[in-house]
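Asker: Sharing a model that was predicted from the sequence below.
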Amino acid sequence: MSTLEKAIGTSIPLGAIYTNKKDGTVIGEYTDLPEFAKFCKKAGFTLLQLLPVNDTGTQSSPYSGLSAFALHPIYVDIKALPGFAELYKSDAGFKKQYDKMIKDFPYSQAGRFKYQGILDAKTSLLRKLYESTEVAKKAEADESLEKWIKKNPWIVSYAVYKNLKVKYNQASWKEWKKEDQLLPAKEIKARWNDKKSAKDHLFFAWLQMVAGEQFKKATDAVKKAGIILKGDMPILMNEDSCDAWSEPDIFNHNLRAGSPVDGENPTGQNWGFPTYDWENLKARKYDWWINRLKVAEQFYGAYRLDHILGFFRIWAIPARDTTAVLGHTVPYVPMHRNDLHNIGFEDGRIRWLSQPHVPTGLIEDITWNHETAVAILSKFMDRIGNEELWLFKSTVTGDKDFYESDLSPFCEGDAAQRCKDALSRAWQNRCLIEVTQDNFVPVWTYYNSDSWKSLNDGEKNNLKNLMSGKEWEQNRLWETQSDEILSTLTNSVKMVPCGEDLGAELPCLPHVMEKNGILGLRVNRWCRR
């Protein structure tokens, strides 16, 4: 396609594609893509973007990935699988179960498809179909599956992980027994090789192989129709994912990604997904990301990098915070304690800016009892001398400490909830965050803090100038990081890259995207002057 050629297309979740199959439809499937491509061709479309089709487990959002590599089994067309017709004819129980799924979840009547019900029904049917294969009967991979496994080494950890999810009734891996959490690679491999579990592990390998075959056949048909198929790469992974479990070194489990406070989100957005440890990824030459793209390249001609801003810098939130108010960018250039000394802030003043000073009255106004207020505050805070003023204990690491606390010995019901909410607001009420010892960053809404409002104009100007200088340094840091990561990723595959850059205002972002040949997104009413 020429850079000057105008094209039109559509973006759609695979599950939303409805077709009039003779046996009914419960959800859009891999095999429905060629039919949809015919529609696109008639409509004059040359682009088709699919929302992510990776396995998301019990989460219905396509952006809440359980695996960066595995395809979602919910989109498998069971009727198109080898052995279906024979089993449907010979096994009355299988036939009854399949017919019941079609009857219980009719797409044409449901409006929204019933995700969990369909997933459970399909998984059970797929398991029964697998049981009829020679692979299941022998608990040993046949030649075709063995060949597929060698080409897809990620299946080892995925199969072991999925089998453990079944064992623990789909609970998060953080709730599993210690002996099953964060297994080293050698132990994962040993469990994969355990003959007692071979049949169960091979079910997930077989399922991914047949899903891949259906998807590849369908995407080849889309390409043959003259349509460019564009994949969608979510930047983040769910904390409860195979990748976070089997590759913990590439994530920072102490931080959660999100976005800062804005007009529509007064406390920001906390997405709950762990951030990346880019230093460890760099040491591994970004192999995990490159492997993601190479797996996707089997199916797509172009790809969308979700939230491309996150490759420049991510909004990182302490894992124990419920809101994004006290998040900060990663990477960042800190204001050192000496920087603050140099503009006239001595240590006591720095403490005032970075540690909320909470009056007893905050809680007393709720409990209407001084002793009760003191008792509640003493759980989380230390009193400053004999003053009616308190500082949070060093053991408090986020407002989850308040919300998970039992205040019933002091107050109950609405009063207890109001106390927790008040403590949470107090926790956020600061001008600076001490990210590491003696290294500070401003709170995104520092100007709303009581400590900022207490400064005189000279102090405010000095602090603003210091912040501005660090912001300039950070932009250089973000440019360097993003250019290194994105150049590595875009050069690893031949797919056309596109970055989701809507709303991004980083000065370095357009230059880095253009340099690396990454197309941007434009909404006219947002971007035209």
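Answerer: Structure's in. What do you need? All values derive from a computational prediction rather than experimental measurement.
Asker: Now do the SS call for the residue of the chain positioned farthest from its centre.
Answerer: Among residues of the chain, the one most distant from the C-alpha centroid is N386; the distance is 46.5 Å, by Cα atoms, centre = their mean. In the three-state summary, N386 is assigned as coil, counting by DSSP: H, G, I helix; E, B strand; the rest coil.
Asker: Could you report the pLDDT at it?
Answerer: Among the per-residue scores, N386 shows a pLDDT of 92.
Asker: Excluding residues flanking it in the chain, which one is nearest I384?
Answerer: Beyond its immediate neighbours in the sequence, the residue positioned closest to I384 (Cβ to Cβ, 6 or more residues apart in numbering) is L391, lying 6.2 Å away. From N, CA and C alone the C-beta is placed, and that goes for glycine too.
Asker: quick one: secondary structure of that neighbour?
Answerer: Under three-state DSSP, L391 comes out as strand.
Asker: Spell out the residue ranges of the helices in the stretch 101-250 of the chain.
Answerer: If you assign secondary structure with DSSP state H, counting those that start in this stretch, the helices in the stretch 101-250 of the chain sit at 107-110, 115-131, 134-138, 143-151, 155-167, 185-193, 198-224, 242-246.
Asker: what does the stretch 351-500 of the chain give?
Answerer: Taking DSSP H, counting those that start in this stretch to define them, one finds helices in the stretch 351-500 of the chain at 361-367, 370-380, 400-403, 413-428, 450-453, 457-490.
Asker: Among the ones you listed, which comes closest to D287?
Answerer: When those are compared by Cβ to Cβ, helix 457-490 sits nearest D287, at 10.0 Å.
Asker: Mind giving me the packing neighbours of that closest one?
Answerer: The contact analysis (3 or more Cβ pairs under 8 Å, 6 or more residues apart in numbering; DSSP states H and E) places helix 457-490 against helix 278-283, helix 287-297, helix 309-312, strand 335-336, helix 509-515.
Asker: one more time with 7 Å, if that's ok
Answerer: helix 287-297, helix 309-312, helix 509-515 (3 or more Cβ pairs under 7 Å, 6 or more residues apart in numbering; DSSP states H and E).
Asker: Rebuild those helices as TSV, extending it with mean pLDDT and distance to Q49.
Answerer: What follows is these, written out as TSV (pLDDT from 0 to 100; distance: least, Cβ to Cβ, whole Å):
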stretch	mean pLDDT	distance to Q49
helix 287-297	98	13
helix 309-312	96	19
helix 509-515	95	18
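Asker: one step back: K89 is nearest to which of the helices of the stretch 101-250 of the chain?
Answerer: K89 sits nearest to helix 115-131 of all the helices of the stretch 101-250 of the chain, at 13.1 Å, using Cβ to Cβ.
Asker: For the closest one, C-alpha coordinates in PDB please.
Answerer: C-alpha atoms of helix 115-131 as PDB (Å, rounded to 0.1, in the frame of the first residue of the first chain):
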ATOM      1  CA  TYR A 115     -19.100 -15.300  28.200                       C
ATOM      2  CA  GLN A 116     -18.600 -17.500  31.200                       C
ATOM      3  CA  GLY A 117     -21.400 -19.900  30.300                       C
ATOM      4  CA  ILE A 118     -20.200 -20.300  26.700                       C
ATOM      5  CA  LEU A 119     -16.600 -20.700  27.900                       C
ATOM      6  CA  ASP A 120     -17.500 -23.400  30.400                       C
ATOM      7  CA  ALA A 121     -19.700 -25.300  27.900                       C
ATOM      8  CA  LYS A 122     -17.100 -25.100  25.100                       C
ATOM      9  CA  THR A 123     -14.200 -26.200  27.500                       C
ATOM     10  CA  SER A 124     -16.200 -29.300  28.500                       C
ATOM     11  CA  LEU A 125     -17.000 -30.200  24.900                       C
ATOM     12  CA  LEU A 126     -13.400 -29.600  23.800                       C
ATOM     13  CA  ARG A 127     -12.200 -31.800  26.700                       C
ATOM     14  CA  LYS A 128     -14.500 -34.600  25.600                       C
ATOM     15  CA  LEU A 129     -13.400 -34.300  22.000                       C
ATOM     16  CA  TYR A 130      -9.800 -34.400  23.100                       C
ATOM     17  CA  GLU A 131     -10.500 -37.600  25.100                       C
END
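Asker: Identify the spatial nearest neighbour of A415, chain neighbours not counted.
Answerer: Nearest residue to A415, sequence neighbours excluded (Cβ to Cβ, 6+ apart): I366, at 5.8 Å.
Asker: and the one you found, how many residues sit next to it?
Answerer: Here the number of neighbours of I366 (other Cβ atoms under 10 Å) works out to 20.
Asker: change the start of the numbering to 53 and stick with it
Answerer: Noted, 53 is the first residue going forward, which turns the last one into I418.
Asker: Looks like it contacts D473 (just checking).
Answerer: No: in this structure, I418 sits apart from D473 without contact. The criterion is Cβ atoms under 7 Å, and the distance is 9.3 Å.
Asker: give me the number of residues near G163?
Answerer: Counted by other Cβ under 10 Å, the residues lying close to G163 total 7.
Asker: cool, K94 as well?
Answerer: Other residues lying near K94 total 8 when counted by other Cβ under 10 Å.
Asker: Most tightly packed of the helices of the stretch 153-302 of the chain?
Answerer: Using mean count of other Cβ atoms under 10 Å, the stretch among those with the largest mean neighbour count is helix 294-298, at a mean of 24.
Asker: just how off-centre is it within its chain?
Answerer: Relative to its chain's centre, helix 294-298 lies at 12 Å (Cα atoms, centre = their mean, to the nearest Å).
Asker: what helices or strands is the following helix or strand past that helix leaning on?
Answerer: Past helix 294-298, further along toward the C-terminus, the next helix or strand under DSSP states H and E is strand 303-311. Based on contacts counted as 3+ Cβ pairs under 7 Å, 6+ apart, the elements that strand 303-311 packs against are strand 321-328, strand 366-370.
Asker: Show the contacting residues for the closest residue to F165 other than its chain neighbours.
Answerer: Counting by Cβ to Cβ, 6+ apart, I79 is the residue found nearest to F165 once chain neighbours are left out, at 4.8 Å. For I79, the contacting residues are 67, 126, 159, 165, 170, taking Cβ atoms under 7 Å, 6 or more residues apart in numbering as the criterion.
Asker: quick one: I79 is in a helix?
Answerer: No: secondary structure of I79, determined by three-state DSSP: coil, with no helix assignment.
Asker: So it versus V218, what's the distance?
Answerer: Computed with Cβ to Cβ, to the nearest Å, the distance linking I79 and V218 is 22 Å.
Asker: In TSV, list the contacts of I79 along with pLDDT.
Answerer: Conversion of the contacts of I79 to TSV gives the following (pLDDT from 0 to 100):
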residue	pLDDT
G67	94
I126	98
Y159	81
F165	87
I170	96
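Asker: Just flag the most distant two among these.
Answerer: Largest separation among those by Cβ to Cβ: I126 and Y159, giving 12.7 Å.
Asker: nearest spatial neighbour of A273, skipping sequence neighbours?
Answerer: Sequence neighbours aside, P86 is the residue nearest to A273 in space, at 3.8 Å (criterion: Cβ to Cβ, 6+ apart).
Asker: Verify the contact between S119 and C294 for me.
Answerer: Yes: the criterion here is Cβ under 7 Å, and S119 meets it with C294 at 4.7 Å.
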